[in-house]
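K.L.:
give me a 3D structure for the following:
(one chain, ligands or ions: 1)
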Amino acid sequence: RTAVVLFTRDLRLRDNPALHAACAAAERVVPLFVLDPRIRSSPNRRRFLAECLADLRESLRARGGDLVVRHGDPVEQAVKVAREVGAFGIGLAADHSAYAAARQRRLAEACDGERLALRLFDGVTVVPPGALKPTGGGDHYRVFTPYWRAWQGVRRREVVGTPRRVTLPDGLTVGRLPAAAVTGGSPDVVPGGESAARERLSAFRRRAGGYAEGHDDLAGDRTSRLSPYLHFGCLSPVSLESTVDSPEFVRQLCWRDFYHQVLAGFPELPRRAYRRGTTERWRYDEAALDAWKEGRTGVSIVDAGMRQLLAEGFMHNRARLVTASYLTKHLELDWREGAAWFARWLLDADVANNWGNWQWVAGTGNDTRPHRRFNPERQARRFDPDGGYRERYLR
Ligand code: FAD
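P.N.:
The predicted structure is shown next:
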């Protein structure tokens, strides 16, 4: 028996439920990744993805298998490969953006037509969207605190082991990996892949005890910086939750899940105001928008954040809050412009977290105090008291 595992953003061998189930059910497994030209990616994320795939291929080869790479429509390619090897079915991790949901629906139809079994597995979040329904009605939680309370009580799925051997069927062309040399990206980015993720996680675990007090200290840079790895699924959120000994860190993982269930309930999150009854009146000021993008507003904490983004494809959460608030509440420019610029650079940019957080800051989203505004000078005094963060990025 042969099975196909369609990798999407679960680029890991450890605790990968789709891969684990395929290896248990079939003698031969095709780990497949399809480079989809319809997903518009940025140079930073293209490079990161290429490194993730190279690392995944290496790990699979070490277990006797390989990563099969195709270009085109993932549904057509997955079905084509399944037909080619005579597979009985396709497994993949369930994802929750409008695009991923449509892809899953099309895949289900195509599998139906080909008499292929299709299985979706949880693996992108700790608690799957839809697993928790608010007691007061509605299909998802709109406010974080009650979600956090309910989330802690949900039974986690079991963490699954890494397959020891993966056997590829004979005669399959494995296909070329995309090039990791990409122009137009940030100079100082972290390497992609499950191996790099595990190294970063080990280093973070040793200092996780200081996370609760230190995570807002801009110069101290004490957060995990695991978000790009979580975005591409180089780490499993469920096993991460159980390996990091910091309740405050686990609370941040819950924020990630929170926005995934918001997106699943409101797929227009990147385009339309989430908050009911919002009237949006944004200014149009190209010069101010450009100055913000390039870190030339003259407000040092805002400029430092924006330059960190350009240099590293990453920005500290506190700086994201301050820069986003400055764009939407001070300059009164549209959150969609800010979110698009973040998505152009961030390694961790994802539909749920980027647009969910932008709407939260802009007051069009889930914040219960939508008129809150971060005063940049006060934020700088509080979270960068010695100016170390600003010095690092404004040099
Ligand atoms: P840590 O502090 O180590 O937290 C651990 C993990 O928890 C993170 O890796 C992340 O997966 C999750 N997390 C932490 N804070 C949040 C949060 N507020 N919302 C959702 N998840 C969270 N995060 C993204 O992953 N992708 C995005 O595109 C993104 N865009 C953002 C845009 C704005 C305007 C703001 C204010 C926040 C955004 N965030 C986004 C959330 C947060 O800033 C990053 O997750 C965090 O800075 C990543 O750094 P870290 O891994 O060191 O976080």
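K.L.:
only C-alpha atoms from now on, for both contacts and neighbour counts.
P.N.:
Will do.
K.L.:
list the contacts of Ala22.
P.N.:
Contacts for Ala22 were tallied using Cα atoms under 8 Å, 6 or more residues apart in numbering; they are 3-5, 29, 91.
K.L.:
please repeat the previous calculation with a cut-off of 10 Å.
P.N.:
Counting by Cα atoms under 10 Å, 6 or more residues apart in numbering, Ala22 makes contact with 1-5, 28-31, 89-92, 119, 163, 166.
K.L.:
and the stretch 101-250 of the chain, which residues reach the ligand?
P.N.:
Taking Cα under 6 Å from any ligand atom as the contact definition, the stretch 101-250 of the chain meets the ligand at 223-227, 230, 249.
K.L.:
filter the contacts of Ala22 to the buried ones?
P.N.:
In terms of neighbour count (16 or more other Cα atoms under 10 Å), the buried residues within the contacts of Ala22 are 2-5, 28-31, 89-92, 119, 163, 166.
K.L.:
closest to Glu199 out of the contacts of Ala22?
P.N.:
The nearest member of the contacts of Ala22 to Glu199, counting by Cα to Cα, is Pro163 at 20.1 Å.
K.L.:
and the contacts of Ala22, which is closest to the ligand?
P.N.:
Leu92 (20.9 Å; Cα to the nearest ligand atom).
K.L.:
which SSE is immediately downstream of the host helix or strand of the closest one?
P.N.:
Assessed by DSSP states H and E, Leu92 sits inside strand 89-93. Read in the C-terminal direction, the helix or strand following strand 89-93 is helix 98-114, with elements assigned using DSSP H and E.
K.L.:
now for that following helix, which elements pack on it?
P.N.:
Other elements packing on helix 98-114 under the criterion 3 or more Cα pairs under 10 Å, 6 or more residues apart in numbering; DSSP states H and E are helix 74-85, strand 89-93, strand 117-121, helix 247-265.
K.L.:
give me that answer again for 7 Å
P.N.:
With contacts defined as 3 or more Cα pairs under 7 Å, 6 or more residues apart in numbering; DSSP states H and E, helix 98-114 has these neighbours: helix 74-85, strand 117-121.
K.L.:
Serialize these to TSV and add fields for distance to Lys329 and mean pLDDT.
P.N.:
Below are the helices and strands packed on helix 98-114 laid out as TSV (distance: least, Cα to Cα, whole Å; pLDDT from 0 to 100):
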stretch	distance to Lys329	mean pLDDT
helix 74-85	40	98
strand 117-121	40	97
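K.L.:
quickly compare the ones you listed and say which is most buried.
P.N.:
Comparing these by mean neighbour count (mean count of other Cα atoms under 10 Å), helix 74-85 ranks first with a mean of 18.
K.L.:
centroid-nearest residue for this structure?
P.N.:
With distances taken as Cα atoms, centre = their mean, His231 lies nearest the centre of the chain, 2.4 Å away.
K.L.:
surely it and Leu347 touch.
P.N.:
No. With contact defined as Cα atoms under 7 Å, His231 does not reach Leu347; the gap is 8.3 Å.
K.L.:
and the strands in the protein?
P.N.:
Secondary structure of the chain by DSSP state E: the strands cover 2-7, 28-35, 68-71, 89-93, 117-121.
K.L.:
and Gly72, how close does it get to Gly138?
P.N.:
For Gly72, the distance to Gly138 equals 37 Å [Cα to Cα, to the nearest Å].
K.L.:
the two: which is more packed in?
P.N.:
Higher neighbour count among Gly72 and Gly138: Gly72, with 13 against 10, using other Cα atoms under 10 Å.
K.L.:
if we can go back for a sec, what lines up beside the strand holding Leu92 in the sheet?
P.N.:
On the basis of DSSP bridges, the sheet neighbours of strand 89-93 come out as strand 2-7 (parallel), strand 117-121 (parallel).
K.L.:
hey, where'd the helices end up in the stretch 101-250 of the chain?
P.N.:
With DSSP state H, counting those that start in this stretch as the definition, the stretch 101-250 of the chain shows helices at residue ranges 144-152, 194-207, 211-214, 227-231, 237-243, 247-265.
K.L.:
nearest spatial neighbour of Thr183, skipping sequence neighbours?
P.N.:
By the measure of Cα to Cα, 6 or more residues apart in numbering, the closest residue to Thr183 outside its immediate chain neighbours is Pro43, 6.6 Å from it.
K.L.:
can you pull out the low-pLDDT segments for the stretch 51-200 of the chain?
P.N.:
Filtered on pLDDT under 70, the stretch 51-200 of the chain yields no residues whatsoever.
K.L.:
and the residue of it that's closest to the ligand?
P.N.:
Nearest residue of the stretch 51-200 of the chain to the ligand (Cα to the nearest ligand atom) works out as Thr125 at 9.6 Å.
K.L.:
hmm, that residue is touching Pro237, no?
P.N.:
Yes. With contact defined as Cα under 7 Å, Thr125 and Pro237 form a contacting pair (5.9 Å).
K.L.:
next, count neighbours for the residue of the stretch 51-200 of the chain closest to the ligand.
P.N.:
Around Thr125 sit 23 other residues, with neighbours defined as other Cα under 10 Å.
K.L.:
if we can go back for a sec, for the strands paired with strand 89-93, which one sits closest to Tyr284?
P.N.:
Ranked by Cα to Cα, the member of the strands paired with strand 89-93 that lies closest to Tyr284 is strand 2-7, at 40.9 Å.
K.L.:
Ala264 - nearest residue in space that isn't next to it in sequence?
P.N.:
His96 (5.5 Å).
K.L.:
that neighbour: neighbouring residues, count only.
P.N.:
Taking other Cα under 10 Å as the definition, His96 ends up with a neighbour count of 23.
K.L.:
same check on the one 3 residues further on?
P.N.:
When neighbours are counted by other Cα under 10 Å, Tyr99 registers 14.
K.L.:
show me the contacts for the nearest residue to Gly265 once chain neighbours are set aside.
P.N.:
The shortest distance from Gly265 to any non-neighbouring residue, by Cα to Cα, 6+ apart, is to His140 (6.0 Å). For His140, the contact set (Cα atoms under 7 Å, 6 or more residues apart in numbering) comprises 130, 133-134, 261-262, 265.
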